[in-house]
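Enquirer: take a look and give me a structure for this.
(one chain, ligands or ions: 1)
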Amino acid sequence: MAVYGLDIGGTKIETAIFDHKLNMIKSWRVDTPTEDYQVFLETLRQLVEQADDYTGERGKIGIGMPGLITPEGQSLSANVPCATGKYIRDDLSKLLSRSIAIENDTRCFALSEAISGAGKGYERVFGAIIGTGAAGGFCKKGTLDKTRQGFAGEYGHIPLPADIQSKYQLPVHQCGCGLMACVENYVAGPGISRLYQHINGATISPQQWVERLKNKEPDAQHVLNCYLDILGSTFASLAKFLEPDVIVLGGGVSLVDEIVDNLAPAIEKYLFAGFRAPQLKRALHGDSSGVRGAALLGAAINET
Ligand SMILES: [Zn+2]
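Expert: This is a model prediction of the structure:
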């Protein structure tokens, strides 16, 4: 039976049709309605019906979206304001008369990479996206680690260690989540710009920082050292709790060689002497991991 993965972002919804072997057959994108929940639901219904028309079947459905999804299916997402507090799974399930799986998009990424991507063959896989934000999900033996409230793996909201704050005299930022000094504010893309501004004074993009790094600018190198200290200590904390065999990295920041190539020793600096960092790998499926992971969850639905 065909399976549909829907990856709902703050600006676009990607829909992908997979065959029963999970080969992607077709995918397309539409704008995300973010202000009116009824319009949002209607858009999802139409996307599924378009997929049904294409396959001639009533396919299984998995949805990935940013923000927290409680086990009851309630969404809490800053990126899609109209969906916050709503039960998308149940509402759409009624409209389409079939069961639907829904999960946080980063957890979809982690599942996709654990089952058929860079984490394949490893027992304990942590998927970490570092892009405009920093979020993660953990899989054990190819299954998502489900928790009561759904926030396990949110390493972006571990606080900045005091010794690193003091070493670089870093400003303490208030995070969008309401807490203070969450590492997301330093390690996600916008965080790189903040670090550079703190050290050099100039406002530049992460891409411009990479260029300056390649030109061996001392301030850019200083930012890299600070960045590696923060991400290294964060992943060391993660390893102390979960000890993943591999951390699969996704998102724009994971494409920066200077970060990925130097990350293992940066993690080991904050582990016990003589212990090794988890393997570090780049995601295999890139941008399509979200729809693929959502489809994997959809494929696992057992209609009774
Ligand atoms: Zn936070």
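Enquirer: give the rounded mean pLDDT of the helix or strand where Ala266 lies.
Expert: Using DSSP states H and E, Ala266 falls within helix 257-268. The pLDDT scores in helix 257-268 average 98.
Enquirer: same for the helix or strand just after that helix, what does it pack against?
Expert: Per DSSP H and E, the first helix or strand lying C-terminal to helix 257-268 is strand 279-282. Helices and strands touching strand 279-282, by 3 or more C-beta pairs under 8 Å, 6 or more residues apart in numbering; DSSP states H and E, are strand 246-250, helix 257-268. The way it works is simple: take the backbone N, C-alpha and C, and place the C-beta from them, glycine included.
Enquirer: quick one: buried residues of strand 279-282?
Expert: For strand 279-282, the neighbour count (16 or more other C-beta atoms under 10 Å) marks Leu280, Lys281 as buried.
Enquirer: and the helix holding Ala266, what does it pack against?
Expert: Looks like helix 257-268 contacts helix 218-242, strand 279-282 (3+ C-beta pairs under 8 Å, 6+ apart).
Enquirer: please identify the most buried of the ones you listed.
Expert: Looking across the helices and strands packed on helix 257-268 with neighbours counted as mean count of other C-beta atoms under 10 Å, the highest average goes to helix 218-242: a mean of 19.
Enquirer: centre of the chain to that helix, how far?
Expert: The gap between where helix 218-242 is centred and where its chain is centred comes out at 18 Å by C-alpha atoms, centre = their mean, to the nearest Å.
Enquirer: hmm, back to that, would you turn the helices and strands packed on helix 257-268 into CSV with mean pLDDT and distance to Lys141?
Expert: Compiled in CSV, those are given as follows (pLDDT from 0 to 100; distance: least, C-beta to C-beta, whole Å):
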stretch, mean pLDDT, distance to Lys141
helix 218-242, 98, 14
strand 279-282, 98, 17
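Enquirer: quick one, which of these gets closest to the ion.
Expert: helix 218-242 (12.3 Å; C-beta to the ion).
Enquirer: which residues does that closest one contact?
Expert: The contact list for helix 218-242, computed with C-beta atoms under 8 Å, 6 or more residues apart in numbering, reads 124, 126, 128, 130, 136, 138, 155, 158, 160-161, 164, 167-168, 170, 183, 186-187, 192, 195-196, 199-200, 209, 212-213, 244, 247, 258-259, 262-263, 265-271, 277-278.
Enquirer: only the buried subset of the residues you listed, as a ChimeraX command please.
Expert: Buried members of the contacts of helix 218-242, defined by 16+ other C-beta under 10 Å, are picked up in ChimeraX with:
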select :124,126,128,130,136,138,155,158,160,161,164,168,170,183,186,187,192,195,196,199,200,209,212,213,244,247,258,259,263,266,267,268,270,271,277,278
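Enquirer: strand partners of the helix or strand bottoming out on mean pLDDT in the chain, parallel vs antiparallel please.
Expert: Least confident helix or strand, the chain: strand 68-69 with a mean of 84, by mean pLDDT, DSSP states H and E. According to DSSP bridges, strand 68-69 has the following sheet partners: strand 75-76 (antiparallel).
Enquirer: who touches the helix or strand encompassing Gly293?
Expert: Following DSSP H and E, one finds Gly293 within helix 289-299. Under the contact criterion C-beta under 8 Å, 6+ apart, helix 289-299 has outside partners 3-7, 14-16, 18, 20, 22, 24, 27, 59-64, 100-103, 105, 107-113, 115-117, 144, 250, 283, 285.
Enquirer: among those residues, which are in helices?
Expert: Here DSSP state H is the test, and the contacts of helix 289-299 give Asp105, Arg107, Cys108, Phe109, Ala110, Leu111, Ser112, Glu113, Ile115, Ser116 as lying in helices.
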